[in-house]
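Enquirer: Predicted model follows, preceded by the sequence.
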Number of protein chains: 2
Amino acid sequence: MKLQIALDTLTLEESMALLDETKDYVDVIEVGTPFIIEEGMRPVRELKKRYPNLEVLADTKIMDAGELEADYAFRAGADIVTVLGASHDETVLGALKAAKKHGGKIMIDMIAVKDLATRTKELDAMGVDLICVHTAFDVQSTQKGPLDELKLVNTLVKHAKSAVAGGVKLATIDDIVREGAEVIVVGGAISNASERANMAKEMKGHMH
Amino acid sequence: MKLQIALDTLTLEESMALLDETKDYVDVIEVGTPFIIEEGMRPVRELKKRYPNLEVLADTKIMDAGELEADYAFRAGADIVTVLGASHDETVLGALKAAKKHGGKIMIDMIAVKDLATRTKELDAMGVDLICVHTAFDVQSTQKGPLDELKLVNTLVKHAKSAVAGGVKLATIDDIVREGAEVIVVGGAISNASERANMAKEMKGHMH
C-alpha cells in the first residue's frame, strides 16, 4: 500500500520543502495537473532527480494523443502517467505502448466516468496498471467520498490494481485501508496540515 | 470565421518560425496540449507577447479544478481556455467564473463525449462561448471527420458558437465552411505542408 502525495498548487521550491519534510513516509510524488499546466515537465525532471528513490507520477490526465503525450512524460522521468478513463480506447492503448517502451506504468483516472463498472472491466482487460477512483475537487463539497466506487472497482479488477483520490484525510483513511487499495492519494490533508511531517507519518502509519 | 492554428509538437522557436510565416492568415494561436505538457504556460506567455494582435488559446483540456486551472491559463495571457465536455458541470462553471474575471472565453472540447446532443444543450445553457466538435487524433484513421457532429451542434446551440477540430485539411474545409463554424482548427495540414504560408493563405481564403 503506497502513499502518493499530490503537489498541485505549490511552486517547485515549496514542493521540495514539503518533500524534504515528508519523504520518509511518501512512496509516490504526484506532479499534479495544475502544476503541469503551469510548469510543464520541469517539476517531473527536477523531482525525479532530487528524489530518485521515490516514484514520480505525472498527472497529465491524457485525453488524446496517448502515445505521444505519455512518451513526453516518461521521457521527463515519470514512473507513472495518468490517462482519463473517459478517453477513447485507442488513447489508452497508445499510452500503454509508451509505458511498455519506457518500463513505466499507466494509471487511469476515473473522474467523471459515467458507467464505472463497464469502463473498469474494459480498462482492466486492456492491461492498465492502476485504476484510480477519483472524486473531483470541484464536487467534493456536494458528493460523498470515493469509498463506494473503490469497493466496486475492487470487486471487478482481475489484473489492474486500484487507487483512490479526492479529499482523503485522516478521518477517512481507515475505511479505505480496510477496503484495500494499492495507492492512496493525499493532497491538502498533508500539504495544508500545521505539522506536515507528522501528518504524513500518521497517515502512512494507518496504511499497511 | 476564424482560422486557429494548432501548435502541438513544435518547440517554441519552431512555433515562432511557423507563425512568422503564417500570421497574416491566422486568427487564433493554439498552444496545444502536448506543448503545455512539455512547457507549461511559457509558450502562452511568449506567444501572446510576440503576437499581441492574435488571440491565444491554451488547450488545457481541463477536467477538474476548473476555476483554478483556467485562472492559471488566463493569467499567462490566454484569451481562450479549453475545458473537456466530459467534465462535471461544476468544473465548467468554475472555468466560466475565471473567464469572466479575466474577460476571456471558454471553449468546450467535445472529444469522446458520448451523448453529444444532450451535452451540447447543457453546455450551451451554462453559457460557454464555444463548443468544439473534435475527432480525436487517436481515432482519425478509423472514424469519419467531425462534419456530422458539427451539423448537430449547429442545430442545437442558442448562445454558444461552434468550432471544429481534428484532421481538417484543404480537401475537407469547404464542407465545413458551407456548414458554418466560428472557429476552424487546423494543425498538421499547415505545419506539415511543404509551403506553409501558402497553405495557410489558401485555407483562410476558403473561409468567409
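Expert: Yep, that arrived.

Enquirer: alpha carbons only for contacts and neighbour counts from here, please
Expert: OK.

Enquirer: Distance check, the closest residue to A:Val92 other than its chain neighbours against A:Gly188.
Expert: With sequence-adjacent residues excluded and distances taken as Cα to Cα, 6 or more residues apart in numbering or on different chains, A:Val92 is closest to A:Gly66, at 6.1 Å. From A:Gly66 across to A:Gly188, the span is 29 Å (Cα to Cα, to the nearest Å).

Enquirer: and what of A:Asp71?
Expert: For A:Asp71, the distance to A:Gly188 equals 29 Å [Cα to Cα].

Enquirer: How about A:Val177?
Expert: To A:Gly188, A:Val177 is 19 Å away according to Cα to Cα.

Enquirer: Where do the strands of chain A begin and end?
Expert: Remark: strands assigned in chain A by DSSP state E are A:2-7, A:28-31, A:55-62, A:80-84, A:105-109, A:130-134, A:161-165, A:183-186.

Enquirer: which stretch among these comes nearest chain B?
Expert: Distance to chain B, taken as Cα to the nearest Cα, is lowest for strand A:55-62 among the strands of chain A, at 7.0 Å.

Enquirer: Mind listing the strands the closest one pairs with, and their directions?
Expert: Using DSSP bridges, the strands paired with strand A:55-62 are strand A:28-31 (parallel), strand A:80-84 (parallel).

Enquirer: Generate CSV for those strands, with distance to A:Asn192 and mean neighbour count as supplementary columns.
Expert: Putting the strands paired with strand A:55-62 into CSV (distance: least, Cα to Cα, whole Å; neighbours: other Cα atoms under 10 Å in any protein chain shown) gives the following:
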stretch, distance to A:Asn192, mean neighbour count
strand A:28-31, 16, 26
strand A:80-84, 24, 27
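
Enquirer: Would you mind giving those as JSON lines with mean pLDDT added?
Expert: Below are the strands paired with strand A:55-62 laid out as JSON lines (pLDDT from 0 to 100):
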{"stretch": "strand A:28-31", "mean pLDDT": "98"}
{"stretch": "strand A:80-84", "mean pLDDT": "98"}
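
Enquirer: would you list those strands in a markdown table and tack on distance to B:Gly77?
Expert: Below are these laid out as a markdown table (distance: least, Cα to Cα, whole Å):
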| stretch | distance to B:Gly77 |
| --- | --- |
| strand A:28-31 | 23 |
| strand A:80-84 | 27 |
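
Enquirer: what about those strands, which gets the closest to A:Ala171?
Expert: Judged by Cα to Cα, the one of those that comes nearest to A:Ala171 is strand A:28-31, at 21.2 Å.

Enquirer: contacts for that closest one?
Expert: A:2-8, A:43-44, A:54-59 (Cα atoms under 8 Å, 6 or more residues apart in numbering or on different chains).

Enquirer: Please export the C-alpha coordinates of it as PDB.
Expert: Extracted C-alpha coordinates of strand A:28-31, given in PDB (Å, rounded to 0.1, in the frame of the first residue of the first chain):
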ATOM      1  CA  VAL A  28       4.900   8.400  -4.900                       C
ATOM      2  CA  ILE A  29       5.300  12.000  -5.700                       C
ATOM      3  CA  GLU A  30       2.400  13.300  -7.800                       C
ATOM      4  CA  VAL A  31       3.100  16.300 -10.000                       C
END
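
Enquirer: Tell me the gap between it and the middle of its chain.
Expert: Mean-position distance between strand A:28-31 and its chain equals 7 Å (Cα atoms, centre = their mean, to the nearest Å).

Enquirer: Excluding chain neighbours, give the residue nearest to the residue of chain A at minimum distance from chain B in space.
Expert: Closest to chain B within chain A is A:Gly40: 3.8 Å, counting by Cα to the nearest Cα. Spatially, and ignoring its direct neighbours in sequence, A:Gly40 is nearest to B:Gly40 (3.8 Å; Cα to Cα, 6+ apart).

Enquirer: In this structure the one you found contacts A:Pro34, no?
Expert: No. The pair B:Gly40 / A:Pro34 is not scored as a contact, 9.4 Å apart, by Cα atoms under 8 Å.

Enquirer: what touches both of these two?
Expert: When Cα under 8 Å, 6+ apart defines a contact, no residue borders B:Gly40 and A:Pro34 alike.

Enquirer: Wait, the residue of chain A closest to chain B touches B:Pro43, no?
Expert: No. Between A:Gly40 and B:Pro43 there is no contact under Cα under 8 Å: 10.4 Å.

Enquirer: Which strands and helices lie in contact with the lengthiest helix in chain A?
Expert: Ordering each helix of chain A by length in residues (DSSP state H) puts helix A:89-102 first. Contact here means 3 or more Cα pairs under 8 Å, 6 or more residues apart in numbering or on different chains; DSSP states H and E; on that basis helix A:89-102 packs against helix A:66-75, strand A:105-109.

Enquirer: now with 10 Å?
Expert: Applying 3 or more Cα pairs under 10 Å, 6 or more residues apart in numbering or on different chains; DSSP states H and E, one finds that helix A:89-102 contacts strand A:55-62, helix A:66-75, strand A:80-84, strand A:105-109, helix A:116-126.
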